[in-house]
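S.K.: Give me the fold of what follows.
(2 chains)
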Protein chains: 2
Amino acid sequence: MSAPDSSRGPSVRKVPDGDSLSRLVCPDCGYIAYENPKIVVGSVCLFGEKILLCRRAIEPRKGLWTLPAGFLELEETVTEGARREAREEAGAEIEIEDLLAVYSIPRISHVQLIFRAKLLSPRLAPGPESEETALFAWDEIPWDMLAFPSVTWALRHYREVMDETGGRSGFRPRTNPPGESGNY
Amino acid sequence: MSAPDSSRGPSVRKVPDGDSLSRLVCPDCGYIAYENPKIVVGSVCLFGEKILLCRRAIEPRKGLWTLPAGFLELEETVTEGARREAREEAGAEIEIEDLLAVYSIPRISHVQLIFRAKLLSPRLAPGPESEETALFAWDEIPWDMLAFPSVTWALRHYREVMDETGGRSGFRPRTNPPGESGNY
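M.R.: Sure, this is the predicted structure:
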């Protein structure tokens, strides 16, 4: 097999017969690459009142802090995916408690499912995608060093839900803040 | 452009360099088809106490009843997608009220986001994928003619939430029933 040739593969945009939307089609063999939005699963993980953040070792936003989160893989449930990401990025074992938020980022066709979770141990070990992992009290969160707007949204929504419910389950999951279509 | 040749395109399964999972790769040009789970968005739509169902005009499960639901498209938010599906399949204009449930169907790599919604008018018009649309009182639901297990789950969860909250917002979205991994 030859090395990938970026000029080949599905590279022509057209509406296939019987379809209503434009798709990427391979001009050589007619293969149609159906593209769909991707699901990101992640968690606000608590140990006591401290929140787990990971400092990104990779682009984009290398060096900035984020929640353990990433793309759901095939044949995973959403909670399996969120637990895998916490394990891969922070060496953390977590217990998923509630669905905290669903954010749509339509410009890049992402849907984020963010859970509230409990860290089962404070022992952490940064994975290949993290330079560092740490537990932050609310007042210590590096707000000006967060990697993505949705990290800020999720942390604020976590706090809002805690203030509203005192940590009990049975709340309405949050969505994009008003006016924030996630176009970052 | 020639007609699609199903023997071409990404057809060889291998682990690309630097990756950890097996992907479909094109043996001709090296194009890698990253596959991710798909998002299904749909709604339990109420007009008064009656629930909207659509009788499927297409396989699978042609002739059986389902909720208006389908794949989220690129650059859509999840609520935009759910409203589009209600419009396409039932000619229905709806207002999304709450996230009712998140179901993972790992065998087929689907994640369903099902909303509770209000029909803005009882005027319905079956789209190309529906043979018929109708409003059912709870006692009239054709339980033995529902298209998919997740339709049954969503209807039961709708009823459970109504019994618990009396229709108020602020409840915990439901997930797969215990023991139901969605392997249908």
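S.K.: contact partners of stretch A:112-121?
M.R.: A:39-47, A:52, A:67, A:69, A:78-79, A:82, A:86, A:92-105, A:135, A:150, A:154, A:157-158, A:161, B:102, B:111 (Cβ atoms under 8 Å, 6 or more residues apart in numbering or on different chains). C-beta: built from backbone N, CA, C; applies to glycine.
S.K.: Narrow those to those in strands?
M.R.: Using DSSP state E to define strands, the subset of the contacts of stretch A:112-121 located there is A:39-47, A:52, A:69, A:94-105, A:135, B:102, B:111.
S.K.: Using ChimeraX, define a selection of the buried residues within those residues.
M.R.: Selection of buried members from the ones in strands among the contacts of stretch A:112-121 for ChimeraX, criterion 16 or more other Cβ atoms under 10 Å in any protein chain shown:
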select /A:39,40,41,42,43,44,45,46,47,52,69,94,96,97,98,99,100,101,102,103,104,105,135 /B:102,111
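S.K.: Next, A:E89: secondary structure please.
M.R.: Secondary structure state of A:E89, per DSSP: H, G, I helix; E, B strand; the rest coil, is helix.
S.K.: what pLDDT does it get?
M.R.: On pLDDT, A:E89 comes in at 97.
S.K.: Apart from its chain neighbours, what residue comes closest to it?
M.R.: Once flanking residues are discounted, A:E89 sits nearest to A:P68: 4.4 Å by Cβ to Cβ, 6 or more residues apart in numbering or on different chains.
S.K.: So the one you found is in contact with A:L52, correct?
M.R.: Yes - between A:P68 and A:L52 a contact is recorded at 6.7 Å, counting by Cβ atoms under 8 Å.
S.K.: what sits in contact with each of those two?
M.R.: Counting by Cβ under 8 Å, 6+ apart, the contacts common to A:P68 and A:L52 are A:45, A:86, A:90, A:92.
S.K.: among those, which two are most distant?
M.R.: With distances taken as Cβ to Cβ, the most widely separated pair in the shared contacts of A:P68 and A:L52 is A:C45 and A:A90, at 7.8 Å.
S.K.: between the two, what contacts are shared?
M.R.: Any residue near both A:C45 and A:A90 by Cβ under 8 Å, 6+ apart counts here, and that gives A:52, A:68.
S.K.: in the longest helix along chain A, what's buried?
M.R.: When chain A is scanned for its longest helix (criterion: DSSP state H), the result is helix A:149-165. Using 16+ other Cβ under 10 Å as the test for burial, helix A:149-165 gives A:149-151, A:153-155, A:157-158, A:161-162.
S.K.: Can you spell out which helices and strands pack onto it?
M.R.: Using 3 or more Cβ pairs under 8 Å, 6 or more residues apart in numbering or on different chains; DSSP states H and E, the elements in contact with helix A:149-165 are strand A:38-47, strand A:94-105, strand A:110-119.
S.K.: wait, what's in contact with A:E129?
M.R.: A:54, A:56-58, A:88-89 are the contacts of A:E129 under Cβ under 8 Å, 6+ apart.
S.K.: can you do 6 Å?
M.R.: A:E129 is in contact with A:57-58, A:89, counting by Cβ atoms under 6 Å, 6 or more residues apart in numbering or on different chains.
S.K.: cool, and A:S22?
M.R.: A:S22 touches A:13, A:15, counting by Cβ under 6 Å, 6+ apart.
S.K.: does chain B sit close to the helix-or-strand element of chain A with minimal mean pLDDT?
M.R.: One helix or strand of chain A scores below all others by mean pLDDT, DSSP states H and E: strand A:32-33, with a mean of 80. No - among the residues of strand A:32-33, none lie within reach of chain B under Cβ under 6 Å from any Cβ of the partner chain; the closest is 6.6 Å away.
S.K.: So which elements touch that strand?
M.R.: Packing contacts for strand A:32-33, counted by 3 or more Cβ pairs under 6 Å, 6 or more residues apart in numbering or on different chains; DSSP states H and E, involve strand A:23-25.
S.K.: Adjacent strands (with direction) for the strand it packs on?
M.R.: Strand partners for strand A:23-25, identified by DSSP bridges, are recorded as strand A:12-14 (antiparallel), strand A:32-33 (antiparallel).
S.K.: neighbours of A:P60, just the number please.
M.R.: As a burial measure, A:P60 scores 8 neighbours (other Cβ atoms under 10 Å in any protein chain shown).
S.K.: Tell me the spatial nearest neighbour of it, not counting adjacent residues.
M.R.: Nearest residue to A:P60 in three dimensions, chain neighbours excluded: A:A147, at 7.8 Å (Cβ to Cβ, 6+ apart).
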